[in-house]
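**Student:** Sequence below, structure please.
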Amino acid sequence: MHYNAGSVTERELASTDECEGWLGRDGVLWINVAGLADVPTLEAIGKQFHLHPLIVEDIVNTDQRPKYEDYGNVLYVVIRLIVYGSDDHEVHTDQISLVIGPGFVLSFQEDENKIFEPVRQRIRLTQGRIRSQGVDYLVYRLMDVVVDNYFFTLEKLGDQTEDLEDAILEGADETDLAEIHRLRNQMIHLRKAVWPLRDVVSVFAHGESPLIQHDTTIYFRDVYDHTVQAMDSIETYRDMLSAILDIYLSGVNLRMNAVMKVLTVIATIFLPISFLASLWGMNFKFMPELSMPWGYPAALFVMLCTVGGMLLFFRRKGWM
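**Tutor:** Below is the predicted model:
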């Protein structure tokens, strides 16, 4: 896309040679590349725009953490796009690289998606002030839509966390423990994407590069506030998941203690009975109880009295 206050041109470039014809024109040139598998094409774009080889290398390496690098003539920024999978309910992260130069912005997406479509729509319809601003304002818009998408993902994960808490309070099972660990891993991925981004946006908010106009820094400060809010939400949900894990473990311990209590009571009741049975079960010749006609009923009566007495004692102590 190439645009200025009076016109906008949008087209799909068939080759990297077409980029040269748009350089130096009045306005803002925005080239978006979806997919990073074609390394020769990326290298050709780097030569067209005189990018440092390290920039192209970082673009291809999709394991980068969010960062900001100033190469003098251009700025290089890496941000992480958070995508919530509606099918598997998992969080996926994609790398987005932004190259900001005089009069142009290059964006490189790991996968093709529609995250930047609202920005394109604003440019097409001349909504807001984007058409009358420079490359720094376009970068602000691109960062803003990425950060706003964090809140959609956080909302989904927050709903799952609250549902999980309600389920555990009603009665936890083994599947809940796996769900707790899954959600905690999702929060770790989010934290890795958002935490370094605060430092990146902070650099733009302070206008440390001549490519960033002073009037645009206030917009980057707004993005910075959003990243802080996202980070606070992540920390809140992490604390909630830690508390849910404690509730789960407490519930497991309570159920285990209840089982052990029942088994202990049963074992304690049968202990004196077993003693009496073993005592009268000895095969000595001279045992006066063996010759008593009422010895067997008397033994059963003593055992029953012992059990009843112990049950009454346990109930008075509140153990049953």
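**Student:** what's the domain layout of the chain?
**Tutor:** As assigned by automatic domain parsing, the chain contains the domains 2-251, 281-316.
**Student:** Determine which stretch of the ones you listed is the most buried.
**Tutor:** With neighbours defined by mean count of other Cβ atoms under 10 Å, none of those is more surrounded on average than domain 2-251, at a mean of 17. (Each C-beta comes from the backbone N, C-alpha and C, glycine too.)
**Student:** From the chain's centroid, how far away is it?
**Tutor:** 15 Å (Cα atoms, centre = their mean, to the nearest Å).
**Student:** End to end on that domain, go ahead and measure it.
**Tutor:** 61 Å (Cα to Cα, to the nearest Å).
**Student:** Hmm, residue 160 is touching residue 180, no?
**Tutor:** No - counting by Cβ atoms under 8 Å, residue 160 stays clear of residue 180, with 10.5 Å between them.
**Student:** can you pull the pLDDT of residue 198?
**Tutor:** With respect to pLDDT, residue 198 has a value of 88.
**Student:** Excluding chain neighbours, what is closest to it?
**Tutor:** Once flanking residues are discounted, residue 198 sits nearest to residue 227: 4.8 Å by Cβ to Cβ, 6 or more residues apart in numbering.
**Student:** Doesn't that neighbour lie inside a helix?
**Tutor:** Yes - the assignment for residue 227 (DSSP: H, G, I helix; E, B strand; the rest coil) places it in a helix.
**Student:** That one contacts residue 201, correct?
**Tutor:** Yes - applying Cβ under 8 Å, one finds residue 227 in contact with residue 201, separated by 5.8 Å.
**Student:** those strands in the stretch 101-250 of the chain, which residues are they?
**Tutor:** Assigned by DSSP state E, counting those that start in this stretch, the strands in the stretch 101-250 of the chain fall at 104-109.
**Student:** returning to what we had before: got the domains of the chain as JSON lines, with distance to residue 260 columns?
**Tutor:** Shown next, in JSON lines, are the domains of the chain (distance: least, Cβ to Cβ, whole Å):
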{"stretch": "domain 2-251", "distance to residue 260": "15"}
{"stretch": "domain 281-316", "distance to residue 260": "15"}
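**Student:** Going by mean pLDDT, which of the ones you listed comes out lowest?
**Tutor:** When I compare these, domain 281-316 is least confident, with a mean of 79.
**Student:** Am I right that residue 63 sits in a helix?
**Tutor:** No - counting by three-state DSSP, residue 63 falls outside a helix, being coil.
**Student:** Show the contacting residues for it.
**Tutor:** Under the criterion of Cβ atoms under 8 Å, 6 or more residues apart in numbering, the neighbours of residue 63 are residue 95.
**Student:** go again using 6 Å as the cut-off
**Tutor:** Counting by Cβ atoms under 6 Å, 6 or more residues apart in numbering, residue 63 touches no other residue.
**Student:** Check the gap between the residue nearest to residue 204 when sequence neighbours are not counted and residue 76 for me.
**Tutor:** Spatial nearest neighbour of residue 204, excluding adjacent residues (Cβ to Cβ, 6+ apart): residue 220 at 4.1 Å. Distance of residue 220 to residue 76, computed by Cβ to Cβ, to the nearest Å: 16 Å.
**Student:** List phi and psi for residue 84.
**Tutor:** Dihedral angles of residue 84 (phi, psi; degrees, to the nearest 10) stand at phi -90, psi 120.
**Student:** got it, and residue 282?
**Tutor:** Dihedral angles (degrees, to the nearest 10) for residue 282: phi -70, psi 140.
**Student:** Chain neighbours aside, what residue packs nearest to residue 217?
**Tutor:** In space, and not counting its chain neighbours, residue 217 is closest to residue 207: 4.5 Å by Cβ to Cβ, 6+ apart.
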